[in-house]
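S.K.: Generate coordinates for the sequence data below:
(one chain, ligands or ions: 2)
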Amino acid sequence: MITLHFPRGGILATIVLLSSCTHGDGPVTDIHSFSDPTSARTTHADIRWDLDFKEQMLRGSVTWTVARDDNTAARSNLVLDTKSLVIEGVRVGNADGMRTATYTHAGGSQVFGIPLTVSLEPGDDRVEIHYHTGDGGACVQWLNAGQTADNTHPFMFSQAQSINARAMIPCQDSPGVRFTFDAEVTAPDGIRPVMAAENLEERGANGAWRFRMPQPIPSYLLAIAAGAIEFKSMGPRTGVWAEPSVVSKAAWEFADSERMIEAAEKLYGPYQWGRYDIIILPPSFPFGGMENPRLTFATPTVLAGDRSLTALVAHELAHSWSGNLVTNATWSDFWLNEGFTVYFERRIMEAVYGPARAEMEAVLGRHDLMTEMAELPEGDTILHVDLEGRDPDDAFSNVPYEKGYLFLRLLDETYGRERFDPFLKAWFDGNAFQSRTTADFVAHLKQHLLDDDGTAIRLEEWLYGPGLPENSPEAESDAFDRCETLAKQVLSGKIPASGIPGKEWITHEWLHFLRAFPDDVPVARLTELDRAWNLTNTGNSEILMQWGLAAIRSGYQAGMPAVETLLLNQGRRKFLKPLYQELVKTGAGKARAVEIYRKARDAYHQIAVNTIDEILGWKQ
Ligand code: BES
Ligand code: ZN
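M.R.: Ligands and ions are numbered 1, 2, ... in the order given. As a prediction, the model looks like this:
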């Protein structure tokens, strides 16, 4: 049991959070969940949801199957996490019958929500909760037709990672707890719901759409989306869901998905989830992608029209092994999900597009890491991060991704792929459908790969120390070296802006070129570049962000529409955050940021709102 003290609105709240899952050497405590899976553990969910677009709420029920240490003798509690949920009624019992339950739904905190504690009598193995979602949860976003690509129908989608599933369903909201589920979902005519699950052909009562997830998943991978969407097949196991005007473009952009699966399987074993589909969400989706099993959720901002941003698919697909199959046991072990996935992603990219492309991505990744680490509090530059009292989302950074990647790359380079690949495959095979800690991985490393206790590779420093250890590998790209040289030449006036081979460049080269700019490029140079390459009007969101940053830094007013466009037309946090951060550095910029945010805020997802509110010191 851990007691957290943290201030909320000036009041010091004390809450008790505890969630332990037994494995390896004993229970692992998850400080981000109220549940206690050691006494009663949810193993299966029967979900009934009605999507009420008028009220913008999800209403229905979940019946949890509960496994208990001693099913017959003991009396105990099932504690579930909830956040912004209205509980209408709770029943408890077993196959022989259900009765009204004794429960409490009180206490908790703003960040972690309210625990729902249900009393279980001997023999009870089932808990049925009727509820609907309320305001203020950061999981489901409801969009009106005007916020979608085709403007014809409303849309909704969920984003459960990290601790938002509790705002969609009462659950043991800890990555250490896994469950299977069946779901029946009703929606208005013209709206097609999809879940990260198997789509069943046959419709249920009231025309309900039916879904089944036979593999046990943690709560953060529970996902639903619904809108006027269509499906287009891309290959035997792959396809895309999107609004009609987007679906063909998306199918073209992601046509390499099947090849990616084949490359991934060759590296680390069979894909275990059946189909791999992708849904393109409306632009307010706060992430690039989310690895919901069988159905990756993706932002439309990766539809660059030239397949240059497909690393996102490689990434979310790689999570089908690192994350979805072997899951971080707590959010402090998040690097086990993301660092492994970035490493795996780049191995897939290397196999499908060649090493030069993968290396470019590694260089860009390292650049992101170094710039961000310079600003982060030291504690947040540690791989096994301390999250005591914090929402894991507040500690989100490139560190688990790119420092984690560099650590695995170090192992790859030190021991060679002949040893490292089978080692990693054995990790996935041996821990499939389990949740694991950093300490579990260290044990696996010491047993199966290292020649010593870890001293030679500075193991302790990598996992538990701040910053980047001295033995960090470094990626290199000849093409990028040329971009850098050209940037210097253009900026010094040696060659005209029109003299760069921009037509042949892929997104990555443009990004590296623009990132080589200092903070004070003369406005005349940016004007010249814009005239030659029309960067202010590029349809490529990655380039637009980098260009927008250069425009803000240099005070290039004619480039400001690029910034506004990006901030008003999409809600991906990765683009919003740096631009708002750059704007607030000057008085005039801050005023501009506030003006834009006032118009944009309502359309952003709550996850993005939380981040930007803080940057702007926003008070409603
Ligand atoms: N699982 C993450 C997204 C995430 C992380 C959501 C933490 C909520 C909390 C996903 O796999 C991811 O990393 N997406 C990246 C894209 C990727 C290519 C690095 C993103 O959204 O930018
Ligand atoms: Zn990821």
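
S.K.: Output the below-cut-off pLDDT ranges for the protein.
M.R.: 1-27, 70-73 (pLDDT under 70).

S.K.: can you list the residues that contact the helix or strand where Ser248 lies?
M.R.: Under the criterion of DSSP states H and E, Ser248 resides in helix 244-253. Helix 244-253 is contacted from outside by 149-150, 228-234, 239-242, 278, 280, 300, 302-305, 307, 309-310, using C-beta atoms under 8 Å, 6 or more residues apart in numbering. For the C-beta atoms, the positions are set from N, CA and C on the backbone; glycine is no exception.

S.K.: close enough to count as contact, Trp547 and Leu535?
M.R.: Yes: distance between Trp547 and Leu535: 4.5 Å, which falls inside the contact criterion (C-beta atoms under 8 Å).

S.K.: Phi first, then psi, for the residue of the stretch 51-200 of the chain found nearest ligand 1.
M.R.: In the stretch 51-200 of the chain, the residue that lies nearest ligand 1 is Gln161 (3.7 Å; C-beta to the nearest ligand atom). Dihedral angles of Gln161 (phi, psi; degrees, to the nearest 10) stand at phi -70, psi 140.

S.K.: who touches it in this structure?
M.R.: 220-221, 290.

S.K.: please redo it, this time with the cut-off set to 6 Å
M.R.: Counting by C-beta atoms under 6 Å, 6 or more residues apart in numbering, Gln161 makes contact with Tyr220.

S.K.: tell me the secondary structure for Ser472?
M.R.: When classified by DSSP: H, G, I helix; E, B strand; the rest coil, Ser472 comes out as coil.

S.K.: Show me this protein divided up by domain.
M.R.: 2-228, 321-476, 501-616 (automatic domain parsing).

S.K.: Out of the ones you listed, which is closest to Glu262?
M.R.: domain 321-476 (8.7 Å; C-beta to C-beta).

S.K.: What is the end-to-end distance of the closest one?
M.R.: Domain 321-476 has an end-to-end distance of 27 Å (C-alpha to C-alpha, to the nearest Å).

S.K.: That one: how far from the chain's middle?
M.R.: Chain-centre distance of domain 321-476: 16 Å, with C-alpha atoms, centre = their mean, to the nearest Å.

S.K.: and if you look at stretch 97-110?
M.R.: Distance, centroid of stretch 97-110 to centroid of chain: 30 Å (C-alpha atoms, centre = their mean).

S.K.: Point out the residues in the chain that sit beside ligand 1.
M.R.: Applying C-beta under 6 Å from any ligand atom, we find that the chain lies next to ligand 1 at 161-162, 287-291, 311-312, 315-316, 319, 338, 393, 396, 574.

S.K.: need the domains of the chain in CSV with distance to Thr485, can you?
M.R.: Formatted as CSV, the domains of the chain follow (distance: least, C-beta to C-beta, whole Å):
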stretch, distance to Thr485
domain 2-228, 40
domain 321-476, 14
domain 501-616, 9
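
S.K.: who wins for proximity to Pro270 among those?
M.R.: Closest among the domains of the chain, using C-beta to C-beta: domain 321-476, at 9.8 Å.

S.K.: Number of residues surrounding Phe231?
M.R.: A total of 15 residues lie near Phe231 under the criterion other C-beta atoms under 10 Å.
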